[in-house]
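J.: 3D model of this:
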Amino acid sequence: MKTFPLDRTEVRENFKHFLTIPTRWSDNDQYGHVNNAKYLTFFELVIMRYLEVDNAVDVAAHGVRCFSVENMCRYIKPVKFPDTCEAGLRVGKLGNSSVRYEVGLFITGDNEVSATGYFTDVFVDATTEKPVTIPDPVRDVLQHLVFTGQ
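T.: Prediction:
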């Protein structure tokens, strides 16, 4: 699996799925740009829309839950209201019990990335909260997001 830098060199072609996210006036902070915490919300939104809405993934139906164990956001270029963003999504690593979702945030019409980041989730048994193998139906959906650069 090829790795990507998640820096200012990221391009749209490195992402497999996109979600358009309009900013809201309330997303701005006192400095006139989207507040830092909102970026992670945008990242989470593209991930959960892909899983639960676009692919009807219900991890609870498989007796598992997901714990986010790590996340990161690299701010490259400010986003501000009334910008509309396109959040690109890919899987950077698909392990036995974990997945690393990687995101690039682009302002619509702009080819330069505004922010990059990731969430790492671990699948755990819903009762014991011990790591378990990602259920096959979920793995199949995640596999579509693995980007190898080809």
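J.: C-alpha from now on. contacts and neighbour counts both.
T.: Will do.
J.: Name the residues of the longest helix seen in the chain that are buried.
T.: Ranked by number of residues, the top helix in the chain under DSSP state H is helix 36-48. Counting neighbours by 16 or more other Cα atoms under 10 Å, one finds that the buried residues in helix 36-48 are Asn36, Tyr39, Leu40, Phe42, Phe43, Glu44, Val46, Ile47.
J.: how near is the second one to Ala115?
T.: Spelled out, it's Tyr39. Taking Cα to Cα, to the nearest Å as the measure, Tyr39 falls 8 Å from Ala115.
J.: Common neighbours of those two, please.
T.: Common contact partners of Tyr39 and Ala115 (Cα atoms under 8 Å, 6 or more residues apart in numbering): Cys73.
J.: Quick check: Thr128 vs Arg100, distance?
T.: For Thr128 relative to Arg100 (Cα to Cα), the value is 22 Å.
J.: Under the pLDDT cut-off, which ranges of the chain? List them.
T.: Within the chain, the stretches with pLDDT under 70 are 1-3, 150.
J.: can you give me the strands in it?
T.: Taking DSSP state E as the test, the strands found in the chain are 17-22, 64-75, 84-94, 98-107, 113-125.
J.: Let's have those in TSV, adding distance to Thr9.
T.: Converted to TSV, the strands of the chain look like this (distance: least, Cα to Cα, whole Å):
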stretch	distance to Thr9
strand 17-22	18
strand 64-75	12
strand 84-94	14
strand 98-107	11
strand 113-125	8
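J.: most tightly surrounded among the ones you listed?
T.: Neighbour counts (mean count of other Cα atoms under 10 Å) averaged over each of these peak at strand 98-107, with a mean of 25.
J.: that older thread, quick one: contacts of the longest helix of the chain?
T.: With Cα under 8 Å, 6+ apart as the criterion, helix 36-48 contacts 18-19, 21, 27, 73, 87-89, 101, 103, 115, 117-118.
J.: Let me know which of the strands of the chain is the nearest to Val53.
T.: Nearest to Val53 among those is strand 17-22; the distance by Cα to Cα comes to 11.6 Å.
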